[in-house]
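Pasting the sequence and the predicted coordinates here, then a few questions.
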Amino acid sequence: MDVTCIKCKKVTVVPVELKLVEFACSNCCALSSYEKNPAGEIIKIYNYIPDTSCGLNIGQQGELFGVAYTVTGMLVKRVAGNYYWQEYILDGPKGERAFLSESNGHWIFLKEEETKLELSGAPLKVDYHGTFFQLYGKEKTTIAYAEGIFDYVLPRKQQTMKEYINPPYIISFEIDEDGQTLFVGEHIASGTVKKAFNAKRMPIKVGVGIVQPPVIELGNSVIILAVTALLLIFSHIFIYRDKVQENLLTDTLPISLYANKPYVSKTFTVTEAASTLRIKLNADVNNSWAYVDIGLVNESTGAEEYAGKDLEYYHGYEGGESWHEGSENEEMNLCGVAPGRYHLVFTPQKAPDDGTTTTINIDVTRNPPSKRNVVIPIIFMALLGLGLFYWDRYNETKRWEDSDYSPYNE
């Protein structure tokens, strides 16, 4: 259908048939009524001019939730404090009607609920079909601007709007002298609206939408982290259930005695698959260094694996402050040792000008209980969970910052 503005003669076309009750022209901002006069009469000129360069236009078509909708009207509503938002009226080919509400780049898809839910006063919580919704706002609203074709009389007086949220869902009550109307809606992504209606430009998102879902759902994330931590603990217990801890070597190596010939340990046998050897080293290095070359020799195959470890400890006093770096103690692991007969080879060294370091202490343990692989991930997950908690709280605080009923008010 098409309607010609009786003031500026601009023609507005929408590809659906509606009963013409009122018409608001996007060109001259005139609101005309056809309720009593089929020729139409101008009843209002809107002074507020919104930015219509982005968003949706009258006559634009798009499919949402399986229905091909047409934008037949647009309202700009205002509450106290000059806060504005836009509502688009959508009509389908079989009389379906829905609404898109846009505020600060965040969109909500709504429908009028035929089932009446009588609301008396403004309770802080409302039970809607077994789900509790929390009071977000109670405001007096007026229509600041309109454009499009309307099959009903636009409200002339203030309406009372009460909004209850349980993100990503919302229930909204509009109350006026004719009674109470309930709308039920949910968040819809800006990209979904843009794609559905092939919109060229969309309003820029600002802040957190009233029912915008969190990027990461805190409750599910905590459950996943807790289950992962339990799996780590049980996996650790399972892996080490058959591994026997055994001290293979504890000895003190005089560096001068083994500087030219290696120290060879007694033969030991590894029976479990993928055993671990933990080697602890200690030397009384003082502003000096020592070094140990370590070899693991498989007596059955002759295979040899070598690694080295430095022990360095330096300290001093400079610029009025003391300092130190390094340590007299070091530790290393030889992992994945296959079953077989082995012995260890140690060759110690020290700094040529070091006259104080004379020995290196060695301690070798097979299959030591390694809690690090469990503790470190659990600590990381705990910190991640704590970070997610504060991130969620920050976003929820931003969501409620414009509400007089925020649960986060201090």
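Nice, I can see it.

which residues touch T141?
Each residue near T141 by CB atoms under 8 Å, 6 or more residues apart in numbering is listed here: K77, R78, V79, Q158, Q159, T160, M161, E174. All C-beta atoms are positioned from the backbone trio N, CA, C, and that covers glycine.

Okay, now the unreliable bits of this protein?
Along the chain, segments meeting pLDDT under 70 span 239-243, 410.

Tell me where the stretch 51-200 of the chain has strands.
Assigned by DSSP state E, counting those that start in this stretch, the strands in the stretch 51-200 of the chain fall at 61-64, 67-79, 83-91, 97-103, 106-112, 125-128, 131-150, 159-166, 169-176, 179-188.

again, but for the stretch 301-410 of the chain
Counting by DSSP E, counting those that start in this stretch, the stretch 301-410 of the chain has strands at residues 304-318, 321-327, 329-337, 340-350, 359-366.

out of the ones you listed, nearest to T228?
Each of those has some distance to T228 by CB to CB; the shortest is strand 329-337, at 22.9 Å.

which strands and helices sit next to that closest one?
Counting contacts by 3 or more CB pairs under 8 Å, 6 or more residues apart in numbering; DSSP states H and E, strand 329-337 packs against strand 275-282, strand 288-298, strand 304-318.

Can you give the distance from that strand to the centre of its chain?
Offset of strand 329-337 from its chain centre (CA atoms, centre = their mean, to the nearest Å): 39 Å.

what angle do that strand and strand 359-366 make?
Angle between the axes of strand 329-337 and strand 359-366 is 30 degrees (criterion: axes from the mean of the first three to the mean of the last three CA atoms, to 10 degrees).

what angle do strand 329-337 and strand 275-282 make?
Strand 329-337 runs at 170 degrees relative to strand 275-282, counting by the same axes, to 10 degrees.

Pull the residues that contact strand 329-337.
For strand 329-337, the surrounding residues in contact (CB under 8 Å, 6+ apart) are 270, 274-282, 294, 296, 305, 307, 309-311, 370.

Would you mind writing the CA trace of that strand as PDB?
Output in PDB follows, covering the C-alpha atoms of strand 329-337 (Å, rounded to 0.1, in the frame of the first residue of the first chain):
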ATOM      1  CA  ASN A 329      70.500 -25.400  44.500                       C
ATOM      2  CA  GLU A 330      69.300 -26.700  41.200                       C
ATOM      3  CA  GLU A 331      67.000 -29.400  40.100                       C
ATOM      4  CA  MET A 332      66.200 -31.200  36.800                       C
ATOM      5  CA  ASN A 333      64.100 -34.100  35.600                       C
ATOM      6  CA  LEU A 334      64.900 -36.800  33.200                       C
ATOM      7  CA  CYS A 335      61.400 -37.800  31.900                       C
ATOM      8  CA  GLY A 336      60.100 -40.800  29.900                       C
ATOM      9  CA  VAL A 337      62.800 -43.200  31.000                       C
END
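
and that strand, which strands flank it?
Applying DSSP bridges to the sheet, strand 329-337 is found paired with strand 275-282 (antiparallel).

In the strand it pairs with, which residues are buried?
By neighbour count on 16 or more other CB atoms under 10 Å, the buried set for strand 275-282 is S275, T276, L277, R278, I279, L281, N282.

So which of the contacts of T141 wins on neighbours?
Greatest neighbour count in those, by other CB atoms under 10 Å, goes to K77: 21 neighbours.

That residue reaches Y88, doesn't it?
No - taking contacts as CB atoms under 8 Å, K77 lies outside contact range of Y88: 11.7 Å.

Would you check how far apart P369 and E330 are?
20 Å (CB to CB, to the nearest Å).

rewinding a little: could you redo the contacts of T141 as CSV and give each row distance to S26?
Formatted as CSV, the contacts of T141 follow (distance: CB to CB, whole Å):
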residue, distance to S26
K77, 17
R78, 18
V79, 23
Q158, 24
Q159, 23
T160, 28
M161, 25
E174, 24
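
Between these, which sits nearest I149?
Of all those, I149 sits closest to K77, with 18.3 Å by CB to CB.

Bridged to the residue nearest to that closest one when sequence neighbours are not counted, which residues?
Distances taken as CB to CB, 6 or more residues apart in numbering place T141 nearest to K77, at 5.0 Å, with adjacent residues excluded. Beta-bridge pairing of T141 under DSSP bridges involves Q159.

and what of H343?
V297.

Near it, how many other residues are there?
For H343, the neighbour count with other CB under 10 Å is 16.

The residue nearest to G308 when sequence neighbours are not counted: what's it in contact with?
Distance criterion CB to CB, 6+ apart; nearest residue to G308, sequence neighbours excluded, is D293 at 5.1 Å. D293 makes contact with P262, Y306, A307, G308, V345, F346, T347, P348, Q349, according to CB under 8 Å, 6+ apart.

Next one: D293 from E304, what distance?
The gap separating D293 from E304 is 12 Å, by CB to CB.
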